[in-house]
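Participant: Got a sequence here, can you model it:
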Amino acid sequence: MNLKPLFEPKTMAVVGVSLHNDLNPANVVYYKNLFRYPIEVYAVNPKAGVLKGMQCYSSVADVPVDVDMAVIAIQADRVPDCVEECIKAGVKSAVILSGGFAEVGKKDLQDRITAIAKEADFPIIGPNCIGIHVPDKVDTFFEPQERINRQVKGNISLVSQSGGMLLDMMIRFASEGAGMASCISIGNKAVIKEKDLINYLATDDNTKVISFYIEGFSEGEGLEFLDAAKKCGKPVVAIKAGKTPQGSRAIVSHTASLAGDYAVFSSIMKQYGVVEANGLLDLIYYSQSLSCYPSNIKGRLGILTISGGHGTLATDLALSYGLDIPAMSESKQEAIRSVLSPSIKNIASCHNPIDLTGSANDTDYVEAARTLALMEDIDCIVALLLPYAPALSMDLGALLSTVKRRFGKPIIAYVPRLDKYRILIDGFELNNIPVAHSIEGCMKMAQGMFKYKGVQK
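Facilitator: Okay, here's the model as predicted:
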C-alpha cells in the first residue's frame, strides 16, 4: 500500500464542500489548501456549480486531473459509495473526516469501507479523524488556520487516534520550539493503522522520531504495533490513554478501540524498545531530545550552572528520574578549575553540579563543557543557562554547540523561553541541541535518552 500520496499530494479533491456555507468543514479544508499549500485543489459537490469563482465538480470522476488525495467529508452512509467512486476514478488515497461509524456502533458500515479499500489496496486515513498535516505540503484539518498555530518544520512525526489531542499536542510542541515532520490523526483507523505509519515513517528522511498518542487496539493490532516499532530503526515514543477502567470506557465511546490491560501493555512496550511517556510533557521532551540524539545514554550527567539553587534542583530531579550525577574526583575538579578565568577560579564549585557563579563568562562555560566532554563517565552535558548574568552573551548557545560538534557528546540546555533570549536559543536549536524552558523539562529530555535502549533488532 503506497502511503506517499497522503504525505506528498500534488492534487486534492475535497468531497462535500458546500456552495453556501464557508464554515462547513470541507470548505475550510478546501480554502486552506487552495490558498496556503502547493497543491491543485478541486471542490466536489453533487450539485456542481461555482464556488467563489472556481468550478465545483459533481463527482470525483469529473475532476480533470489525476487525484492524489481525496478528502471526504459527507454523511457516513454515503462514504462507502464515495470510496468506490474514488477507486474507479484512479484516486491514489483518501482521508475520511466523516464520523458516524464504529464509534457510534455502526461497525458494519466501517467494515464495508475496510473491505473495499483492502481489495483495491487503497490507503485510507480515518474515518472519524482530522487527517494529515505536513508543514508546507498539505493540511486536511478542518480547523480554521487562524485558530491553530503555524507549525515549524522539524523532524518529529506525531500520530494520534484523537484529533483534539493531536491539535493540543501540536500547540504544546510549538510552544517548546519543537518542529514537526508530520502530524497524523487516524481516528477509527479502518484501513491504515499505527504499524503502517511506523513502516512508512521509518523510511521518511524527514522523520527522526515517531511519537504516538494511543487509545487502544483491536485484537492483534497491539503486537503488530510493537513489532513494527522494534524493527523500524528509529526511536518510538508513546503515551497510552485509558489507564483506568473509567478511561477505558471513555475510549470505547470515542474511537471504538479496545483499551486492554494497561499494566501488561506498558511492560511489553519496554521490552520492545518503545519509550513510554507518562504524560504529554514527557512525550514532548522525550521526542525533542531523541530527535537530536537517537541513541541511548547510561544516564550520567554533568551539570553546568551559574546558580547553586538551579544545580541543586536539577540534581534532585535527575535522581528522581533514575539518572545519575557522578561525583567529581579531586583531579577532575582540578581539571575544571584550571580552565576557568582567574576571577572565578577560586570561588567556583567544581563538584557536580558545577557552579561557575554569576561572575562566569562565555569562555568559562565553553571551557568547562570541553573538559566535561572528555570525561568518560559523563554521557550528557546539561547547560543550565540564566541569561541574566552580565558576562554571558547571546552567542553562548552557538559557542557551546561547537563543543558538541567537536566531541560528539550530547548537550541539552535550559533557557527561559522569552523573546529577548531568542538569539541564545537559536544558537542551540540551529545546531540541533534541544532547549527546555524549565529545569524539569531539561531533566525529562535526559530521561528520554536514558529510557531509549537504541535500535532494536
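
Participant: contacts, neighbours, all on C-alpha from now
Facilitator: Will do.

Participant: Where does the prediction get shaky in the chain?
Facilitator: Within the chain, the segments meeting pLDDT under 70 span 242-260, 455-457.

Participant: Which of the helices or strands spans residue 167?
Facilitator: helix 163-175 (DSSP states H and E).

Participant: Show me which residues of that helix are buried.
Facilitator: 163, 166, 167, 169, 170, 171, 172, 173, 174 (16 or more other CA atoms under 10 Å).

Participant: One more: stretch 150-163?
Facilitator: Using 16+ other CA under 10 Å as the test for burial, stretch 150-163 gives 151, 152, 154, 155, 156, 157, 158, 159, 160, 161, 162, 163.

Participant: contact partners of it?
Facilitator: With contact meaning CA atoms under 8 Å, 6 or more residues apart in numbering, stretch 150-163 is reached by 129-131, 135-136, 166, 170, 174, 178-189, 194, 201, 206-215, 255, 287-288, 291.

Participant: Ignoring the adjacent residues along the chain, who's closest to residue 442?
Facilitator: residue 436 (5.2 Å; CA to CA, 6 or more residues apart in numbering).

Participant: Which residues does that neighbour form beta bridges with?
Facilitator: residue 414 (DSSP bridges).

Participant: what does the very next helix or strand once past the helix holding residue 167 contact?
Facilitator: As assigned by DSSP H and E, the chain's next helix or strand after helix 163-175 is strand 180-185. For strand 180-185, contacts defined as CA under 8 Å, 6+ apart pick out 125-126, 129-135, 151-163, 166, 170, 206-207.

Participant: Outline the domain layout of this protein.
Facilitator: 1-127, 149-292, 295-444 (automatic domain parsing).

Participant: With distance to residue 142 added, can I get those in a markdown table?
Facilitator: Below are these laid out as a markdown table (distance: least, CA to CA, whole Å):
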| stretch | distance to residue 142 |
| --- | --- |
| domain 1-127 | 5 |
| domain 149-292 | 10 |
| domain 295-444 | 30 |
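
Participant: Quick one: closest of those domains to residue 143.
Facilitator: Taking CA to CA, domain 1-127 is the member of the domains of the chain nearest to residue 143, at 7.0 Å.

Participant: Give me the distance between the two termini of the closest one.
Facilitator: End-to-end span of domain 1-127 (CA to CA, to the nearest Å): 18 Å.

Participant: ok, now stretch 83-102?
Facilitator: 17 Å.

Participant: Show me how far that stretch is from its chain's centre.
Facilitator: 26 Å (CA atoms, centre = their mean, to the nearest Å).

Participant: likewise stretch 302-315?
Facilitator: Distance of stretch 302-315 from the chain centroid (CA atoms, centre = their mean) equals 29 Å.

Participant: likewise stretch 447-457?
Facilitator: That offset, for stretch 447-457, works out to 17 Å (CA atoms, centre = their mean).

Participant: Run through who's touching it.
Facilitator: Contacts of stretch 447-457 (CA under 8 Å, 6+ apart): 230-231, 233-235, 272-275, 282, 285-287, 289-290, 293-299, 318, 321-323.

Participant: Just name whatever secondary elements the helix or strand where residue 371 lies is in contact with.
Facilitator: Using DSSP H and E, residue 371 maps to helix 362-373. Applying 3 or more CA pairs under 8 Å, 6 or more residues apart in numbering; DSSP states H and E, we find helix 362-373 packed against strand 301-305, helix 330-337, strand 380-384, helix 396-407.

Participant: Among the buried residues of stretch 150-163, name the ones in helices.
Facilitator: residue 163 (DSSP state H).

Participant: I'd like to know how far residue 270 sits from residue 21.
Facilitator: 49 Å.

Participant: which of those two has more neighbours?
Facilitator: residue 270 (15 against 11; other CA atoms under 10 Å).

Participant: I'd assumed residue 276 was in contact with the more buried one.
Facilitator: Yes: counting by CA atoms under 8 Å, residue 270 touches residue 276, with 7.3 Å between them.

Participant: First-to-last residue distance for stretch 74-92?
Facilitator: Rule used - CA to CA; the end-to-end distance of stretch 74-92 is 19 Å.

Participant: got it, and stretch 322-335?
Facilitator: Stretch 322-335 has an end-to-end distance of 27 Å (criterion: CA to CA).

Participant: i'd like the first residue to be 28 from this point on
Facilitator: Noted, 28 is the first residue going forward, which turns the last one into stretch 349-362.

Participant: which other residues reach it?
Facilitator: Counting by CA under 8 Å, 6+ apart, 326-330, 342, 345-346, 377-380, 398, 404-405, 474, 477 sit against stretch 349-362.

Participant: go with 10 Å
Facilitator: Stretch 349-362 is contacted from outside by 324-330, 341-346, 363-365, 372, 376-381, 395, 398-399, 402, 404-406, 470-471, 473-474, 477-478, using CA atoms under 10 Å, 6 or more residues apart in numbering.

Participant: mind listing what's buried in the strand or helix carrying residue 345?
Facilitator: Assigned by DSSP H and E, residue 345 falls within helix 335-347. Residues of helix 335-347 classed as buried: 335, 337, 338, 339, 341, 342, 344, 345 (neighbour count, 16+ other CA under 10 Å).

Participant: same check, this time on stretch 370-377
Facilitator: Quick answer for stretch 370-377 (16+ other CA under 10 Å): 371, 372, 375, 376, 377.
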